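*Asks:* The sequence and its predicted three-dimensional model are supplied below.
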Amino acid sequence: MKLLVSGGGTGGHFFPAFEILKKAHELEIETLYVGTLRGIESEYKKEIPGDAVFLETYPFRNTSLKKKIKSTTNLIKAVYFLNSEIKEDFLTIIFGGYSSLPAGILTLLHRKSLFIHEQNSVPSLTNKTLSVFARKVFISFEYTRNYIKGSHVIKTGTPVREEILRSRKEKKEARKLLHLDTEGTLILFMGGSQGAGFINNLALDFVRKTNIRTLLITGKRDFPRIKETAHTQRNLKIIPFSKNMGLIYSAVDIAVCRSGAGTIGELSAFGIPALFIPYPYATDDHQFYNAKEIEELGGAFVIRESEASLEKVVKLVERIQENIESMGKSIKKFYSPRASTAILKEIFNKNS
C-alpha cells in the first residue's frame, strides 16, 4: 500500500506534508510525494524521502479567465499523468493548495481513501471542496469546524519542522551564537518567508520609540532598504532571512509577526507569546482567525494592520512583557508535538 502525500506551492502547505513524508519513511511506509514544479517544494527535491513527482499545475482562484482555462487544462493533464505513474494500491493525504488537487481528484476517481489536513482556521478551496469525500479531515484550529463538520473531523495539530525543533538552544547560548547580548528582553519582528514592508517599517519605529533590543528578519527583497535606514540603530539587529529558525526562536522572548499556521505552530512549540498583525490580504482572512484562536487561549494579542499604530503596538508589547510567563504557557498549549504520528496512526488504523 503506497501513501500519496500532496501539498505545496507555499511553505505553509509543503512543510507539514514534508514532515509526514519523513515520519512515514521512518515507519517504513512507502510514499509518493506529489507537488508542483512552480512551488517551494522544487527547492527540496533532493531531501524528499521516497518517490516524488512534480506536476505543471497553476492556481485557479482569483485569476483571469485565460489563466483559469490554463489551470483547468493543466489539471486534467496532471491527473492523467499521475494516473500513469501509480501502479500499485494507494491511499492519499492532501495538505491543500492547487498543487494537491490532481492527487485528490485521482484518489476519488479510483475510489480510494482520501484524507485531508487543513493547517489554517479557514480551509482552502481545495480542502473545503474535497472534504465532502474525505474519510477523515485533520485540523489544527477549532474554528475550522465552522466550515467542515462531522465526526470525521479530528484535531491533530500541524506538524512542525523537525529541523527547527532539533536546533533548539538555551537562551544565552542562542544569543551568543547570534552575537547578541545575553541579558534582557529581545523582541522578534518578522513578516513571513518573503518579509513584509509594513512589519519592517514598524520594527524601525518601535526601536526608535522604545530602545528595546530587537531582531528583525526583513526578507531578502527589503533587506537593502532597511539596512540603509537601520545602520544607526544600536539596539536593532537585522538579517534578511534565516535557515536556522530554531536558533532564532531560542533567542527571543516575544514575537511581532504575521499569523500563518506555520508561524503559529513554530511559536507555540517554543512557547513564544506574540503580537499578531495578520496579513490583510490573506485568502478568506484566515490569518486573522488563526490569530484569534491563540488570543482566546491567552497566548497572544491580535491587531489589524489598519489599526496597528506605533502607540498601540508598544502598549500591547508592554502588556505581553508584564504577562510573559503566563502567555508563553498559554501559546504552548496549541502545540501538538506528536502531530505527524497521530495523523499516520489515524490514516492506517483502518487501512493497514
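*Replies:* On my side now, so go ahead.
*Asks:* Quick check: closest non-adjacent residue to Lys220.
*Replies:* Distances taken as Cβ to Cβ, 6 or more residues apart in numbering put Pro240 closest to Lys220, at 4.7 Å, once the chain neighbours are dropped. Backbone N, C-alpha and C define where each C-beta goes, glycine included.
*Asks:* so where is the chain shaky, pLDDT-wise?
*Replies:* 192-195, 350-352 (pLDDT under 70).
*Asks:* Sticking with the residue nearest the centre of it, tell me its helix or strand.
*Replies:* What sits nearest the mean C-alpha location of the chain, by Cα atoms, centre = their mean, is Gly262, with 2.1 Å. Gly262 is part of helix 261-270, with elements assigned from DSSP states H and E.
*Asks:* Let me know the next secondary structure element after that helix.
*Replies:* Immediately after helix 261-270, counting by DSSP H and E, sits strand 274-276.
*Asks:* Outline the domain layout of this protein.
*Replies:* 2-160+336-348, 165-332 (automatic domain parsing).
*Asks:* the helices in this protein, which residues?
*Replies:* 11-26, 65-85, 101-109, 125-130, 162-166, 171-177, 197-210, 223-230, 245-251, 261-270, 286-297, 310-322, 324-332, 339-348 (DSSP state H).
*Asks:* I'd like the ones you listed written out as a markdown table, with distance to Glu142 added.
*Replies:* A markdown table is the format used below for the helices of the chain (distance: least, Cβ to Cβ, whole Å):
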| stretch | distance to Glu142 |
| --- | --- |
| helix 11-26 | 18 |
| helix 65-85 | 32 |
| helix 101-109 | 24 |
| helix 125-130 | 16 |
| helix 162-166 | 24 |
| helix 171-177 | 31 |
| helix 197-210 | 27 |
| helix 223-230 | 37 |
| helix 245-251 | 24 |
| helix 261-270 | 13 |
| helix 286-297 | 6 |
| helix 310-322 | 23 |
| helix 324-332 | 15 |
| helix 339-348 | 15 |
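*Asks:* For Glu56, find the nearest of the ones you listed.
*Replies:* Evaluated over the helices of the chain, closeness to Glu56 peaks at helix 65-85, with 5.5 Å, by Cβ to Cβ.
*Asks:* got the contact list for that closest one?
*Replies:* Residues from elsewhere that reach helix 65-85 (Cβ atoms under 8 Å, 6 or more residues apart in numbering): 32, 34, 53, 55-60, 63, 98, 101-103, 105-106, 109.
*Asks:* repeat for stretch 331-338
*Replies:* Residues contacting stretch 331-338 (Cβ under 8 Å, 6+ apart): 140, 156-158, 160, 264-265, 267-269, 271-274, 293-294, 297-300, 342.
*Asks:* One more: stretch 296-313?
*Replies:* For stretch 296-313, contacts defined as Cβ under 8 Å, 6+ apart pick out 198, 202, 205-206, 209, 256, 259, 268, 273-280, 288, 291-292, 294-295, 316, 319-320, 326-334.
*Asks:* Can you point out the buried residues in stretch 120-134?
*Replies:* Asn120, Ser121, Val122, Pro123, Ser124, Leu125, Thr126, Asn127, Lys128, Leu130, Ser131, Ala134 (16 or more other Cβ atoms under 10 Å).
*Asks:* out of those residues, who's nearest Lys176?
*Replies:* Using Cβ to Cβ, the buried residues of stretch 120-134 come closest to Lys176 at Asn120, 35.9 Å.
*Asks:* State the phi and psi torsions of that closest one.
*Replies:* Dihedral angles of Asn120 (phi, psi; degrees, to the nearest 10) stand at phi -90, psi 170.
*Asks:* thinking again about what came up before, among the contacts of stretch 331-338, name the buried ones.
*Replies:* Counted by 16+ other Cβ under 10 Å, those give 140, 156-158, 160, 264-265, 267-269, 271-274, 293-294, 297, 299-300, 342 as buried.
*Asks:* hmm, what's the outermost residue in this structure?
*Replies:* In the chain, the residue that sits farthest from the middle, by Cα atoms, centre = their mean, is Thr232; the gap is 33.4 Å.
*Asks:* what's the distance between Glu142 and Ile264?
*Replies:* In this view, Glu142 and Ile264 are 13 Å apart by Cβ to Cβ, to the nearest Å.
*Asks:* mind giving me JSON lines with the buried residues of stretch 120-134 and columns for distance to Lys70?
*Replies:* Converted to JSON lines, the buried residues of stretch 120-134 look like this (distance: Cβ to Cβ, whole Å):
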{"residue": "Asn120", "distance to Lys70": "26"}
{"residue": "Ser121", "distance to Lys70": "30"}
{"residue": "Val122", "distance to Lys70": "26"}
{"residue": "Pro123", "distance to Lys70": "25"}
{"residue": "Ser124", "distance to Lys70": "20"}
{"residue": "Leu125", "distance to Lys70": "17"}
{"residue": "Thr126", "distance to Lys70": "17"}
{"residue": "Asn127", "distance to Lys70": "22"}
{"residue": "Lys128", "distance to Lys70": "23"}
{"residue": "Leu130", "distance to Lys70": "21"}
{"residue": "Ser131", "distance to Lys70": "26"}
{"residue": "Ala134", "distance to Lys70": "27"}
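*Asks:* In contact with Arg161, which residues?
*Replies:* Phe15, Phe18, Glu19, Glu266.
*Asks:* cool, and Arg208?
*Replies:* Contacts of Arg208 (Cβ under 8 Å, 6+ apart): Gln233.
*Asks:* Appreciated, that's everything.
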